[in-house]
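**Student:** attaching a predicted model along with its sequence, questions to come.
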Amino acid sequence: MSIYVGNIPFDVTDTDVRDIFQEYGDVKRVHLPVDRETGRIRGFGFVEMETEDQETAAIGELDGAEWLGRTLKVNKARPREEKPSSPRNRRT
């Protein structure tokens, strides 16, 4: 399972995010997607923790919490939806 973390300040690092989540357990992975054009993070990320209980605790404590001047949105990540391919990308 993975945790979605939204409304992250654009200047944070993986280490910054790991540090706040480690208060609730062992962090296995942090992923902060980067914008291709600007090279900065896109304002959201994903955190994977060792157990579901740790993830539940982190979600409960951090959802709605203020961090670096922003109110975090923290919840269970939903599976990525497959986007239909664009007609321009199809070969006939």
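**Tutor:** Nice, I can see it. Numbering: from 1, shown residues only.
**Student:** since we're on the closest residue to Asp35 other than its chain neighbours, how many residues are nearby?
**Tutor:** Leaving out its chain neighbours, the residue that sits closest to Asp35 by Cβ to Cβ, 6 or more residues apart in numbering is Arg42, at 5.2 Å. Every C-beta, even on glycine, is put in place using the N, C-alpha and C of the backbone. Arg42: 14 surrounding residues under other Cβ atoms under 10 Å.
**Student:** and Arg78, that's in a strand?
**Tutor:** No. Using DSSP: H, G, I helix; E, B strand; the rest coil, the assignment for Arg78 is coil, not a strand.
**Student:** next, the buried residues of the longest helix seen in the chain.
**Tutor:** Determined from DSSP state H, the single longest helix within the chain is helix 52-62. Residues of helix 52-62 classed as buried by neighbour count (16 or more other Cβ atoms under 10 Å): 54-59, 62.
**Student:** could I get the full set of strands for the chain?
**Tutor:** 3-6, 27-31, 44-49, 66-67, 70-71, 73-76 (DSSP state E).
**Student:** for Glu37, find the nearest of these.
**Tutor:** Evaluated with Cβ to Cβ, the strands of the chain place strand 44-49 nearest to Glu37, the distance being 16.5 Å.
**Student:** paired strands for that closest one, with orientation please.
**Tutor:** Paired with strand 44-49 in the same sheet, following DSSP bridges, are strand 3-6 (antiparallel), strand 27-31 (antiparallel).
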